[in-house]
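Q: pasting a predicted model and its sequence here:
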Amino acid sequence: MKFQTTKDNLLNELLFINRSLVSKPTIQVLNGVLMEANKLLDIYATDLETSIKTTLEVDVIKEGKILAPIKLLTSILKTFPEAKIEVELLSEKNQLKIACQNAVFIINTYSIEDFPQFPEVRKGNQVSIDSKRLKNLISKSIKSVSTDENRPVLTGVLIEISNNIITMVSTDSYRLSLAKDEIDYSNSLLKAIIPSRVLDSILKTDLQSELVEINIDENQISFNIFQANNKAQNLLIISRLISGKFPEYKQLIPSSFKHTIILDRDRFLEVIRRVSSISQDNIPIKLEATRGKVNVSMSIKGVGSSSENLDVEYGGEGIEIAFNPDFLLDGVSMMDDKQIVLNIEESLRPALIKQNQKENLLYLLMPVRIS
Amino acid sequence: MDNNNSRDIGGKSNNINSPLTILSWPKAILHVDGDAFFTSCEQALNPSLKGKPIVTGEERGIAACVSYEAKKLGIKRGMRIGEIRKFFPEVKILPSDYETYSLFSLRMFDILRSFSPVVEEYSIDEGFVDITGLRRPYHSSYKDIGIKIKEKIKNELGITVSIGISITKVLSKIASRLRKPDGLTVIPGREIHIYLRKLPISEVWGIGPNTTSYLEKLGITKALEFAKKDEKFIKKHLSKPFFEIWQELNGISIYPVKVESKDSYKSISKAKTFSPPTNDEHFLFGELSKNLEDACLKARKYKLVTSKIIVFLRTQDFRDEAVMLKLTRPSSYPIEILPMAKEGFYLLYKKDRQYRQTGVVLCELVSQDNLQLTLFENPPRIEKSTKLYNAIDKLSRRFGKHIIMHGCSFSSELCIKDGGHQSSAPYRVDNLLIGENKRQKIGIPMLYIK
């Protein structure tokens, strides 16, 4: 195997793989990245949960394949100037030679036979979505994902596709975020819990407006991302799904609320940030709504207090509720519209943040009990 | 670090005759340790037991406290009551009467406080007193102050204590152990080295068996060898707590005498031993549930909630089996925790084993204020529980704990009535004064009247 390309072309792909996979796999061979040169260069890597295949355009001089340690490869490439590099398999000792200008590195490689078989894309339930919209859905819905490994289903994002609507939901049991969009799909309901890690790596891709093909089956999901201008250069991410039952989120969201407050999103964000600037661990931010006004305040024993009034559209009776300030910020900043709605039932019941006219983004937040 | 007199300490001289410090009394800390406290209390109340070998802890099945007379026979703390009965029939075995012991303890600390306001209640029978600067008001030496304290305790309570006086807490604790019972040892700064010379390092407060064997590998077996090492050596080989002990041994007071009583906990544990051992699952779970109710009562008193609990069972042959359980939401209400505790209990419980103790530990305690609620809980039900336990707490404060209890705790009470599981109660419990009831008693120990 022998090919030539620019340093950045190869390095960027390797860095993306590095970020997306578990950094210290238990099996040594998983530290390796499989490079196969035909007409193009295919790069394969896996941590057994997530598998990535990316295809690059390079100048292939000789076909062949090799399994090389990815960490070593990236640290070598990082030291190179932005220039042409040449990668070659020295077949007698199964070593990899990387050259850039006058520098030459020769590194040992792993045996290709040990590399696990790359999962197949099983084309069954397939939908297509524009990558920008997918990224938007992910960035909104991933906000409430849990890090508590004791409840694995909550560490993932639920995806539901039916009736031309795609819905993505996450909850850490304190809050729930939901994002919806239109999609071209009218078959029976598709449902899966996707590990947040793989969604995170899709967010980190620098793709702009490409077509993403999503395939879902019983235990895996694949994202096949095609470059808009270049069909050859594509990225395939396959992940296993989280098994288990996701909470019935629809039952958690109340259908009606006693109090409805309409606020200016940016002003509200600004006030929350300012008032909670004195914040310490575990100190809630308090909202007191009266006619036409919300008072946002925080008070910390032995430190001090802060308070600010905000003009809002509200005609109901006085109500008081307290939230974790970080959770509240997450919810308000998740909304796109300038005007947002805060729905409150009572002080110890969940509150809902949504956009004024649309129901495509919802953020359900449980309050903090204050004495 | 508080090293106000910035002296060079340790390592200066390997000569075992050179003092560790030249200052005699930069500080004066007195350590009081009750002599066989529980049995001494029993003997003080019932003079006919004086001079006789007695042991307390009948209800636990193991000796909780052994009087000096019984120690002479070779009985040690932790020995099984059955064995003592068998091999030492002359020994009088009593059930523990913690109520009386804590009254004695209260009085003892009151006496200490009459000398100096800076008193730390380290345990029921052990305390530290900062007596720095009291020589002038009392017109006496530190040693004479120690004698006065001893006499006052002996005259007023009828028990003896051993006292150590030195310039740091660690040294005063070493001093009080040197002469026991009824002893008094004074170690002024310039005599520290004399007392440490022969003292095994394992006898120093805070140095356990692991550190002892580690230090042995470094060639240190005596406290003086440890104290004489230089700062560099200590910091290289040991962690901060041991550096502090090393400073204390060198006469630099690091540990202050802490006056305030405890007002916050990281964890709360409640366990109870019963005798004879049993495998009756209803009784065992009843005991466990009672422990849980106790622990939750304490948590609520300090306005804390737990999100992780440990349930454990101790078998007849003193093996502990435990399981840790995570709650879906932080709580201090047994009604919410009991179902999980039950699951945990049945993970541990084996029909063919005999158990002698059950217990629970509430871990990861956090303040109940500003508690983040979860979407999956039911606020009206929680408000109901809150009201319920507010009422229970009110009743417990008035009539004593367990005046109202969960049904599953009651099964342990039923077993007591069936007889067999609980042994005899302390004298004070069975013999009430006129006007007293089981929960409301006059706060004085009652003398045996014959």
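A: Arrived safely.

Q: now do the SS call for A:I242.
A: What DSSP: H, G, I helix; E, B strand; the rest coil gives for A:I242 is coil.

Q: quick one: it and A:I194 touch, right?
A: Yes. Taking contacts as CB atoms under 8 Å, A:I242 lies within contact range of A:I194: 7.3 Å. Heads up, the C-betas are built off the backbone N, CA and C, glycines and all.

Q: name the residues contacting each of these two.
A: Shared contacts of A:I242 and A:I194, defined by CB atoms under 8 Å, 6 or more residues apart in numbering or on different chains, are found at A:G156.

Q: ok, the two, which is more surrounded?
A: More neighbours surround A:I194 than the other of A:I242 and A:I194, with 25 against 20 (other CB atoms under 10 Å in any protein chain shown).

Q: gap between the more buried one and A:I214?
A: From A:I194 across to A:I214, the span is 10 Å (CB to CB, to the nearest Å).

Q: need the overlap of contacts for those two.
A: Residues touching both A:I194 and A:I214 by CB under 8 Å, 6+ apart: A:I221.

Q: let me see the contact set for A:K180.
A: By CB under 8 Å, 6+ apart, A:K180 lies in contact with A:165-168, A:359-361.

Q: try 7 Å this time
A: By CB atoms under 7 Å, 6 or more residues apart in numbering or on different chains, A:K180 lies in contact with A:165-167, A:360.

Q: which one among those gets closest to A:D148?
A: Minimum distance to A:D148 across those is 23.0 Å, recorded for A:T167 (CB to CB).

Q: mind listing what the residue nearest the centre of chain B touches?
A: What sits nearest the mean C-alpha location of chain B, by CA atoms, centre = their mean, is B:S123, with 4.8 Å. By CB under 7 Å, 6+ apart, the contact set of B:S123 is empty.

Q: so for it, what's the pLDDT?
A: pLDDT, B:S123: 86.

Q: related to what we said a few turns ago, show me which pair in the contacts of A:K180 is furthest apart.
A: Using CB to CB, these span at most 10.6 Å, a distance reached by A:I166 and A:N360.

Q: find residues that contact each of these two.
A: A:180-181.

Q: so for these two, which residue has more residues nearby?
A: For A:I166 versus A:N360, the count of surrounding residues by other CB under 10 Å is larger for A:I166: 22 against 18.

Q: spatially nearest residue to that one (excluding sequence neighbours)?
A: Spatial nearest neighbour of A:I166, excluding adjacent residues (CB to CB, 6 or more residues apart in numbering or on different chains): A:I183 at 4.3 Å.

Q: the one you found is in contact with A:I161, isn't it?
A: Yes. Assessed by CB atoms under 7 Å, A:I183 is found in contact with A:I161 at 6.3 Å.

Q: which residues do the two both contact?
A: Counting by CB under 7 Å, 6+ apart, the residues touching both A:I183 and A:I161 are A:V127.

Q: what's the local residue count around B:D320?
A: B:D320 has 12 neighbours, counted by other CB under 10 Å.

Q: could you give the bridge partners of it?
A: Beta-bridge pairing of B:D320 under DSSP bridges involves B:R314.

Q: would you agree it is in contact with B:F312?
A: Yes. Using CB under 7 Å, B:D320 is in contact with B:F312, at 5.4 Å.

Q: so, low pLDDT: which residues of the chain?
A: Going with chain A. Along chain A, segments meeting pLDDT under 70 span A:208-209, A:228-233, A:371.

Q: sorry, I should have been clearer: chain B.
A: Applying pLDDT under 70 to chain B flags residues B:1-16, B:261-264, B:414-450.

Q: quick one: the residue located most distally from the centre of it from chain A, how far?
A: No residue in chain B sits farther from the centre than B:L375, which is 41.3 Å out by CA atoms, centre = their mean. Separation of B:L375 from chain A (CB to the nearest CB, to the nearest Å) stands at 5 Å.

Q: so what's the residue count around residue 220?
A: In the absence of a named chain, this looks at chain A. 18.

Q: the chain in question should be chain B.
A: B:I220 is flanked by 20 other residues according to other CB under 10 Å.

Q: same deal with A:R291?
A: 10.

Q: again, but for the one 10 residues further on
A: If you count neighbours by other CB under 10 Å, A:K301 ends up with 9.

Q: do the same with the one 5 residues further on
A: Burial of A:S306 is recorded as 18 neighbouring residues (other CB under 10 Å).

Q: what are the phi and psi values at it?
A: phi -140, psi 150 (degrees, to the nearest 10).

Q: what's the burial count for residue 245?
A: With no chain named, the answer covers chain A. By the measure other CB under 10 Å, the count of residues near A:K245 is 7.

Q: meant chain B actually
A: B:I245: 24 surrounding residues under other CB under 10 Å.

Q: chain neighbours aside, what residue packs nearest to it?
A: B:G206 (5.0 Å).

Q: for that neighbour, which residues are in contact?
A: Going by CB under 7 Å, 6+ apart, B:G206 touches B:170, B:241, B:245.

Q: nearest to chain A, of the residues you listed?
A: Using CB to the nearest CB, B:P241 comes nearest to chain A of the contacts of B:G206, at 26.4 Å.

Q: quick one, what contacts that closest one?
A: B:P241 is in contact with B:G206, counting by CB under 7 Å, 6+ apart.

Q: quick check, it in a helix?
A: Yes. Counting by three-state DSSP, B:P241 falls inside a helix.

Q: returning to what we had before: phi and psi next, for the residue nearest to A:I166.
A: phi -150, psi 150.

Q: any idea how far A:L134 is from it?
A: 10 Å.

Q: which neighbours do those two share?
A: By CB under 7 Å, 6+ apart, no residue touches both A:I183 and A:L134.

Q: compare these two (neighbour count), which wins?
A: A:L134 (25 against 21).

Q: name the SS class of the residue positioned nearest the centre of chain A, please.
A: Most central residue of chain A, judged by C-alpha distance to the mean C-alpha position with CA atoms, centre = their mean, is A:D200 at 2.7 Å. Following three-state DSSP, we place A:D200 in the helix state.

Q: not counting its neighbours along the chain, what's nearest it?
A: Nearest residue to A:D200, sequence neighbours excluded (CB to CB, 6+ apart): A:I142, at 7.1 Å.

Q: from the chain's centre, how far out does the longest helix along chain A sit?
A: When chain A is parsed with DSSP state H, its longest helix is helix A:7-20. When C-alpha coordinates are averaged (CA atoms, centre = their mean, to the nearest Å), helix A:7-20 and its chain have centres 18 Å apart.

Q: can you list the helices and strands that it packs against?
A: Judged by 3 or more CB pairs under 7 Å, 6 or more residues apart in numbering or on different chains; DSSP states H and E, the packing partners of helix A:7-20 are strand A:50-56, helix A:70-79, helix A:196-204.

Q: thank you, goodbye.
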